[in-house]
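Asks: structure for this input, please:
(one chain, ligands or ions: 2)
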Amino acid sequence: MSKKLNGTVIVTYRCNAKCTMCNRYKVPSLPEEEISIETIRKLPQMYFTNITGGEPFIREDLKDIVRELYKKSDRIVISTNGFFTDRIVDLCKEFPQVGIRISIEGLENTNNEIRGLPDGYNRGYTTLKKLVSMGMKDVGFGMTVQDKNAPDLVPLYNISNEMNMEFATASLHNSFYFVESNNIIHDRLMVAQNFEDLVNELLNSNSPKKWFRAYFNHGLINYIFSQKRLLPCDMSFDTFFIDPYGDVMPCNGTKEKEVMGNLNSQEWDELWNSEKAENVRKKVRCCDRNCWMIGSVSPAMHKYIWVPALWVIKHKFLFFWKKKKYSMYENKIVRDFRDGKVSKKELDACSTCENCR
Ligand code: SF4
Ligand code: SF4
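Replies: Ligands and ions are numbered 1, 2, ... in the order given. Below you'll find the predicted structure:
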């Protein structure tokens with residue numbers, strides 16, 4: 001039996017939000033061209049599937065998609081902005097084992113400003129509360145950290161703790177997927193300070209999962225200082241993305257869309273083992289975009305587990321026996337920036353922001 005993969009299914013590029021860091025809503029897919037159940041049936045066996053968008057709950061046949069995907073996936077998590085409460089609750093009644101991640105971009109005013117959805121925060125929060133009251137086990141929220149919402153990072157983490165939920169973080173990225181090339185963190189030290197506080201909250205918890213999340217957030221500090229990824233990126237080797245048009249891609253971080261093949265017109269094995277797919281894998285091997293998004297980092301953390309594990313052991317030891325907290329200045333680049341050895345302009349030039357070159 002062939003190895004199970006990690007897949008992300010982008011079911012639509014339509015979105016009801018207008019986020020400041022993503023222009024996807026300006027380039028939506030048309031309903032009639034979006035990935036069909038027939039194409040979804042051709043996907044391989046997966047140990048994990050993320051369903052995302054756009055806003056996936058815009059698709060009225062999402063339940064049919066989930067039903068089909070459960071025939072081939074051990075675990076499914078849907079990423080959503082949480083606006084369509086009734087549709088989300090309805091789907092969760094049929095699939096209580098599904099994971100739901102609601103993106104909330106800060107406390108109320110900040111979230112609504114970033115998301116461009118009046119009442120977006122209340123809608124997302126109401127959805128979260130309803131899911132918890134229904135007894136859903138795999139519910140959490142996620143936040144894409146930028147200058148504007150960084151001070152809300154720990155307060156939102158505390159809310160997630162009170163609700164006994166997962167808390168996922170990301171930072172600004174540029175790619176074809178976000179239809180954006182000018183995202184950048186401006187006040188790196190301020191944002192990194194908020195990540196440092198979160199890392200210490202996570203390390204101070206009793207949950208090994210949170211200790212590994214601390215490592216992920218340490219990696220985000222490294223990322224916003226435009227440094228090399230802490231772990232290799234193996235996207236397209238045992239991981240894939242498929243978009244609403246049936247195009248199979250290595251990831252969602254590339255500048256231009258990279259296509260391994262099209263599942264509307266090909267069979268999975270033919271596509272996955274094709275020369276075109278091999279050429280994309282060669283590009284991934286030399287990719288210098290250094291993304292640090294959970295989609296590419298989570299498989300890498302499992303594959304190179306000793307790297308985060310050693311980091312966790314070291315920091316737990318320092319935390320509990322020496323009372324020494326994690327500091328962002330453990331990263332040489334952060335010290336160099338503080339000490340004026342590297343300038344903002346130099347860091348900006350190493351980022352993926354096109355405006356900064
Ligand atoms: S980030 Fe998500 S919710 Fe916001 S516009 Fe883009 S696809 Fe929509
Ligand atoms: S670093 Fe990895 S996830 Fe980012 S663009 Fe390159 S191949 Fe894709």
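
Asks: so which bits of the stretch 1-150 of the chain are right by ligand 1?
Replies: Contact residues, the stretch 1-150 of the chain versus ligand 1 (CB under 6 Å from any ligand atom): 15, 17, 19, 22, 24-25, 53-55, 81. For every residue, glycine as well, the C-beta is placed using N, CA and C.

Asks: for these, pick the one with the most neighbours.
Replies: Highest neighbour count within these: Gly53, with 27 neighbours (other CB atoms under 10 Å).

Asks: now do the contacts for it.
Replies: 10-15, 24, 79-80 (CB atoms under 8 Å, 6 or more residues apart in numbering).

Asks: closest one of these to Leu318?
Replies: Among the contacts of Gly53, Ser79 lies closest to Leu318 (CB to CB), at 34.0 Å.

Asks: name the nearest of the contacts of Gly53 relative to Glu196.
Replies: Ser79 (26.1 Å).

Asks: in JSON lines, list the residues of the stretch 1-150 of the chain next to ligand 1 along with secondary structure and pLDDT.
Replies: Shown next, in JSON lines, are these (DSSP: H, G, I helix; E, B strand; the rest coil; pLDDT from 0 to 100):
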{"residue": "Cys15", "secondary structure": "coil", "pLDDT": "97"}
{"residue": "Ala17", "secondary structure": "coil", "pLDDT": "94"}
{"residue": "Cys19", "secondary structure": "coil", "pLDDT": "95"}
{"residue": "Cys22", "secondary structure": "coil", "pLDDT": "96"}
{"residue": "Arg24", "secondary structure": "helix", "pLDDT": "95"}
{"residue": "Tyr25", "secondary structure": "helix", "pLDDT": "95"}
{"residue": "Gly53", "secondary structure": "coil", "pLDDT": "95"}
{"residue": "Gly54", "secondary structure": "coil", "pLDDT": "95"}
{"residue": "Glu55", "secondary structure": "coil", "pLDDT": "97"}
{"residue": "Asn81", "secondary structure": "coil", "pLDDT": "95"}
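
Asks: tabulate those residues in CSV, adding columns for distance to ligand 2.
Replies: Below are these laid out as CSV (distance: CB to the nearest ligand atom, whole Å):
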residue, distance to ligand 2
Cys15, 21
Ala17, 23
Cys19, 20
Cys22, 16
Arg24, 17
Tyr25, 22
Gly53, 18
Gly54, 19
Glu55, 22
Asn81, 22
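
Asks: just the closest residue of the stretch 1-150 of the chain to ligand 2, please.
Replies: Thr8 (11.1 Å; CB to the nearest ligand atom).

Asks: Ala17 against Tyr25, yeah?
Replies: Yes. Using CB atoms under 8 Å, Ala17 makes contact with Tyr25 at a distance of 6.4 Å.

Asks: name the SS class of Phe141, please.
Replies: Classification of Phe141 using DSSP: H, G, I helix; E, B strand; the rest coil returns strand.

Asks: contacting residues for it?
Replies: Phe141 touches 82, 101-104, 124, 128, 156, 160, 165-168, counting by CB under 8 Å, 6+ apart.

Asks: same thing with Val284?
Replies: 233-237, 250-251.

Asks: what do you get for Ile51?
Replies: For Ile51, counting by CB under 8 Å, 6+ apart, the contacting residues are 8-9, 11, 62, 65-66, 69, 76-79.

Asks: show the pLDDT at Asn355.
Replies: At Asn355, the pLDDT value in this model is 86.

Asks: SS state for it?
Replies: Strictly by three-state DSSP, Asn355 counts as helix.

Asks: returning to what we had before: which of the contacts of Gly53 sits closest to Thr352?
Replies: The nearest one, if we look at those relative to Thr352 and count by CB to CB, is Arg24, at 16.7 Å.
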